[in-house]
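J.: show me the folded form of this:
(one chain, ligands or ions: 3)
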Amino acid sequence: MKKRIALLTVVLSIAMVVFGGAMTAYAGHQCSTTVLIGDVNLDGSINSLDYALLYNEVYYAVPLANQLQYIAADVNYDAAITMQDVNILADYILGKISSFPAGATYTVYYGDLNGDQLVTTADQKVVSDYILGKTSLTFRQFVAADVDGDGYVNSLDLAYITQHINEQIQHFPVCP
Ligand SMILES: [Ca+2]
Ligand SMILES: [Ca+2]
Ligand SMILES: [Ca+2]
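T.: Ligands and ions are numbered 1, 2, ... in the order given. Alright, predicted model coming up:
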């Protein structure tokens, strides 16, 4: 435990040196991003290009480039990408259905893991548990936890979330 705190302190110190100057410029407004469900390639429309990416992910295990895409691809919102999502997306593109079980859009509030749109110690604990291997994260939680937007959830993200809760920073690097 002591070692972990020491490591976190080191990471925090580095983060403050590297990002400290830029951080003070961040505004205090809510840091979020909205995903269009079904828009797997994140280009703003839902069409056969999205279907192709999803199909290749499910049947040929071609990974999507980032976790936002997984949020868009999980059209039935069961926290997994399966052939059910492929079939539902096909039905949508073919006009057989006009909405997704996951809804039309999903808004990620960065730093908010438990969905109350606030960043608190409860969220901090989820991220900490994930880093320690005690819990897994949904696609939605993963994007929310990656507050520096580097595609990983690690002690650096936890450091930012902790700083935010302690009011040492107003904003996360992912929302410039
Ligand atoms: Ca799914
Ligand atoms: Ca929260
Ligand atoms: Ca990260």
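
J.: could you pull out the helices for this protein?
T.: Counting by DSSP state H, the chain has helices at residues 2-23, 48-60, 67-73, 83-93, 121-131, 139-145, 155-165.

J.: pretty sure Val75 sits against Asp91.
T.: No - with contact defined as Cβ atoms under 8 Å, Val75 does not reach Asp91; the gap is 9.6 Å. From N, CA and C alone the C-beta is placed, and that goes for glycine too.

J.: between these two, which has more neighbouring residues?
T.: For Val75 versus Asp91, neighbours defined as other Cβ atoms under 10 Å are more numerous around Val75 (27 against 14).

J.: do you know how far the more buried one is from Asp85?
T.: Counting by Cβ to Cβ, to the nearest Å, the gap from Val75 to Asp85 is 5 Å.

J.: quick one, what contacts Asp43?
T.: Taking Cβ atoms under 8 Å, 6 or more residues apart in numbering, we find Asp43 in contact with Leu49.

J.: tell me the residues of this structure that contact ligand 1?
T.: 74, 76, 78, 85 (Cβ under 5 Å from the ion).

J.: and with 8 Å instead?
T.: 73-82, 84-85, 102 (Cβ under 8 Å from the ion).

J.: now those residues: which count as buried?
T.: 73-77, 81, 85, 102 (16 or more other Cβ atoms under 10 Å).

J.: any idea how far the residue nearest to Asp150 when sequence neighbours are not counted is from ligand 3?
T.: The spatially closest residue to Asp150, leaving aside those adjacent along the chain, is Leu156, at 7.9 Å (Cβ to Cβ, 6 or more residues apart in numbering). Separation of Leu156 from ligand 3 (Cβ to the ion, to the nearest Å) stands at 6 Å.

J.: what's the neighbour count on Leu156?
T.: Per other Cβ under 10 Å, the neighbour tally for Leu156 reads 21.

J.: need the residues of this protein near ligand 2, please.
T.: Residues of the chain lying close to ligand 2 by Cβ under 8 Å from the ion are 109, 111-120, 122-123.

J.: closest one to Gly44 out of those, please.
T.: Set against Gly44, the nearest of the residues of the chain next to ligand 2 by Cβ to Cβ is Tyr109 (21.0 Å).
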